[in-house]
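Asks: Need the 3D shape of this:
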Amino acid sequence: MSVKKWAEVTREERFFTSTLFHNVLKNSKPFLKLLQNKLKLPSSVSVLDIGYEVCFFRDAFHADPKLIKQRQQALEKQTFDLVLWLSDHSIVIIEAKAQQGFHMEQITALCESRQIMLDISVPVYRIKEIYLVGLCSSQYNLKKSTSREFNTIIRWNEVAELYPAHMKEYSRADEIYRDKLKDQ
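Replies: Next up, the predicted model:
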């Protein structure tokens with residue numbers, strides 16, 4: 001009997017998002033090019049930094065110097081799956097899903113957070129724009145009410161093409177949408 005690797009059985013989007021984080025950290029160019037195409041960003045834009053499982057409101061207020069001018073205690077536990085800081089003072093927040101779809105309450109919270117971040121950013125770290133990007137399976141047919149809340153949607157199968165060394169993992173993330181758990 002052969003035991004499968006965890007990458008072959010997990011259904012957890014954090015696993016796939018972590019893999020993407022490490023890929024972008026090592027080589028941001030393929031993913032940045034996809035973002036440039038989808039968000040119509042200038043080719044001169046570069047990735048300055050990337051964060052995984054980012055508690056922005058908690059950490060930005062406690063940074064030295066502060067990145068936001070007032071504490072948002074109610075939002076300190078909100079976590080963004082991936083965040084990219086770009087050279088044009090914009091931020092890309094990525095909400096990722098693998099085996100399930102997006103929930104409207106979560107999307108509403110993301111939209112509210114985007115506005116709060118823009119409103120309380122400090123001159124030292126001026127935020128020009130915040131893009132919300134949904135990352136999900138190509139099998140997921142988003143409702144119009146869901147997709148219009150994002151600036152763009154990226155599919156796991158698109159990511160698979162960008163980083164061939166992890167094509168199996170990203171393809172799995174794309175394939176497991178709404179798969180049924182089966183008792184043996």
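
Asks: In this protein, spot the helix with the most residues.
Replies: Assignment by DSSP state H gives helix 104-120 as the longest helix of the chain.

Asks: in this protein, which spans are helices?
Replies: With helices called from DSSP H, the chain shows them at 6-9, 13-26, 29-39, 56-62, 104-120, 144-147, 156-162, 167-175.

Asks: name the helices or strands packed onto the fourth one?
Replies: Other helices and strands packing on helix 56-62, by 3 or more CB pairs under 8 Å, 6 or more residues apart in numbering; DSSP states H and E, are helix 104-120. The way it works is simple: take the backbone N, C-alpha and C, and place the C-beta from them, glycine included.

Asks: Which residues outside the helix it packs on are in contact with it?
Replies: Helix 104-120 has contacts (CB atoms under 8 Å, 6 or more residues apart in numbering) with 56-57, 68-70, 72, 75, 78, 80, 91, 93, 95, 127, 130, 132, 145-146, 149-150.

Asks: hmm, 10 Å instead?
Replies: 56-57, 60-61, 66-72, 75, 78, 80, 91, 93, 95, 97, 102-103, 126-132, 134, 143, 145-151 (CB atoms under 10 Å, 6 or more residues apart in numbering).

Asks: got the buried residues for it?
Replies: Going by neighbour count (16 or more other CB atoms under 10 Å), the buried part of helix 104-120 is 107, 110, 113, 114, 116, 117, 120.

Asks: I'd like the helices of the chain laid out as JSON lines, including distance to residue 84 and mean pLDDT.
Replies: Formatted as JSON lines, those follow (distance: least, CB to CB, whole Å; pLDDT from 0 to 100):
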{"stretch": "helix 6-9", "distance to residue 84": "24", "mean pLDDT": "80"}
{"stretch": "helix 13-26", "distance to residue 84": "7", "mean pLDDT": "96"}
{"stretch": "helix 29-39", "distance to residue 84": "8", "mean pLDDT": "98"}
{"stretch": "helix 56-62", "distance to residue 84": "12", "mean pLDDT": "82"}
{"stretch": "helix 104-120", "distance to residue 84": "14", "mean pLDDT": "89"}
{"stretch": "helix 144-147", "distance to residue 84": "20", "mean pLDDT": "92"}
{"stretch": "helix 156-162", "distance to residue 84": "14", "mean pLDDT": "98"}
{"stretch": "helix 167-175", "distance to residue 84": "17", "mean pLDDT": "94"}
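
Asks: Same list as before, those that is, but in JSON lines and with distance to residue 46 included.
Replies: Shown next, in JSON lines, are the helices of the chain (distance: least, CB to CB, whole Å):
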{"stretch": "helix 6-9", "distance to residue 46": "30"}
{"stretch": "helix 13-26", "distance to residue 46": "12"}
{"stretch": "helix 29-39", "distance to residue 46": "7"}
{"stretch": "helix 56-62", "distance to residue 46": "21"}
{"stretch": "helix 104-120", "distance to residue 46": "21"}
{"stretch": "helix 144-147", "distance to residue 46": "28"}
{"stretch": "helix 156-162", "distance to residue 46": "16"}
{"stretch": "helix 167-175", "distance to residue 46": "23"}
